[in-house]
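In: with the input below, show me the fold.
(one chain, ligands or ions: 1)
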Amino acid sequence: MGYLDKDSTEGISYCLACGDIIEYGQGRRDRKFCSPGCKNRYHNKRKAQSWERYQQKIQKTLDNNHKILSKLLQIGLTSIDLVSLGRLGYNFNYVTSYHKAGRRSLYSCYDITYEATPSRICHLESHWDSGTGMETEEGAVSESEAPKPLSFAVSGDP
Ligand SMILES: [Zn+2]
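Out: Numbers count the residues shown, from 1 in each chain. This next block holds a predicted model:
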């Protein structure tokens, strides 16, 4: 509008949600929204955005962990001490699954599984089959069963 020259715009506020000029009328002078609806919309959006950021942060951490484990496998390592792993930037707080099998603590980061002892991780193994895009073993690790390698009790049989 023509009458809004530079000086007269001072003191005018715009709704943070829709950008409309806030009509003060008898209301408070420090309002940030033109209506309660706009206020709700704004805060809901903010909440959704911060949840998204939170998810992205976890995703990024897991991806970085996976990259580190993949590199180790690429150079033929299936075991590494926790200090070295931490130095590589591994974040121990994020895994995609964990379960105990007897005394063993078994973790996975997506397709890569490993066993963790108090000082190192070992039995690093990838279960990704790029040919099918599916895990090579039956589904993911289940709650009750360890993903232990198949072993055959053939010794006792005649
Ligand atoms: Zn508004």
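
In: so what sits opposite Ala116 in the bridge?
Out: Going by DSSP bridges, Ala116 is paired in beta bridges with Ser105, Ile121.

In: that one is in contact with Arg103, isn't it?
Out: No: using Cβ atoms under 8 Å, Ala116 is not in contact with Arg103, being 11.5 Å away. Backbone N, C-alpha and C define where each C-beta goes, glycine included.

In: what about these two, which has more around it?
Out: Ala116 (18 against 6; other Cβ atoms under 10 Å).

In: next one: the residue nearest in space to the middle of the chain from the ion, what distance?
Out: Centroid-nearest residue in the chain, with Cα atoms, centre = their mean: Ile58, separated by 2.1 Å. Per Cβ to the ion, to the nearest Å, Ile58 is found 33 Å from the ion.

In: who touches both of Ala116 and Arg103?
Out: Listed as contacting both Ala116 and Arg103 by Cβ atoms under 8 Å, 6 or more residues apart in numbering is no residue at all.

In: about what we covered before: just the element for the residue nearest to the centre of the chain, please.
Out: helix 36-74 (DSSP states H and E).
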